[in-house]
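Participant: heads up, no residue letters with this:
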């Protein structure tokens with residue numbers, strides 16, 4: 001009996017230790033955690049479709065979670081009850097499955113609440129901004145516009161080739177590759 005308890009202890013400890021090690025590697029190497037709990041419980045966890053970064057370790061992490069929780073559960077039941085092997089094995093399997101499902105739900109919750117932190121130039125179209133650096137008749141100046149609740153400074157040209165002075169309000173008509181086209185804004 002003592003041999004079984006030791007085996008369960010070391011199986012749970014090694015699986016849990018490897019799981020923590022892999023999660024730390026994921027965190028510090030910048031790998032996405034999206035594929036970590038890739039189980040068929042209603043869909044794929046991979047939020048970015050990036051199977052090359054961390055998705056290949058998803059199945060391994062799922063198995064390590066299952067083994068670690070199952071082994072510690074079986075050991076705890078063996079030490080504190082007189083249940084049969086079948087009941088202990090069933091309880092350990094159930095605990096492992098529940099742990100994997102709970103972690104899957106938790107990661108889905110986290111991924112559902114994440115936001116993209118980048119902004120795109122096209123988001124400026126139709127917004128009113130203020131000229132920061134004067135726009136010369138045939139050149140570029142700079143405008144400041146509020147995008148995603150943050151002031152962004154963007155290169156700008158005038159639609160009609162007319163000069164627009166500092167602090168004048170402009171309407172952003174179109175976003176090009178690295179600048180916007182503006183026209184004076186009449187309130």
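Facilitator: Here it is on my side, so go on. Being a predicted model, the structure only gives us computed values, none of them experimental.
Participant: lowest average confidence, helix or strand, in this protein?
Facilitator: Ranked by mean pLDDT, DSSP states H and E, the weakest helix or strand in the chain is helix 2-29, scoring a mean of 83.
Participant: For that helix, name the packing helices and strands.
Facilitator: In terms of contact count using 3 or more C-beta pairs under 8 Å, 6 or more residues apart in numbering; DSSP states H and E, helix 2-29 is assigned the packing partners helix 58-80. Every C-beta, even on glycine, is put in place using the N, C-alpha and C of the backbone.
Participant: Can you give me the buried ones in the helix it packs on?
Facilitator: In terms of neighbour count (16 or more other C-beta atoms under 10 Å), helix 58-80 has its buried residues at 58, 61-62, 64-78.
Participant: contacts for stretch 178-185?
Facilitator: Residues outside stretch 178-185 that contact it (C-beta atoms under 8 Å, 6 or more residues apart in numbering): 121, 124-125, 128-129, 135, 140, 143, 154-160, 162, 164, 168-175.
Participant: now do 10 Å
Facilitator: 121-122, 124-125, 127-131, 135, 140-143, 145, 154-160, 162, 164-165, 168-175 (C-beta atoms under 10 Å, 6 or more residues apart in numbering).
Participant: Buried subset of those residues, written for ChimeraX?
Facilitator: Only the buried members of the contacts of stretch 178-185 end up in this ChimeraX selection, burial being decided by 16+ other C-beta under 10 Å:
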select :121,124,129,131,135,141,142,143,145,154,156,157,158,164,168,170,171,172,175
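Participant: In helices, which of the contacts of stretch 178-185 appear?
Facilitator: Using DSSP state H, no member of the contacts of stretch 178-185 falls in helices.
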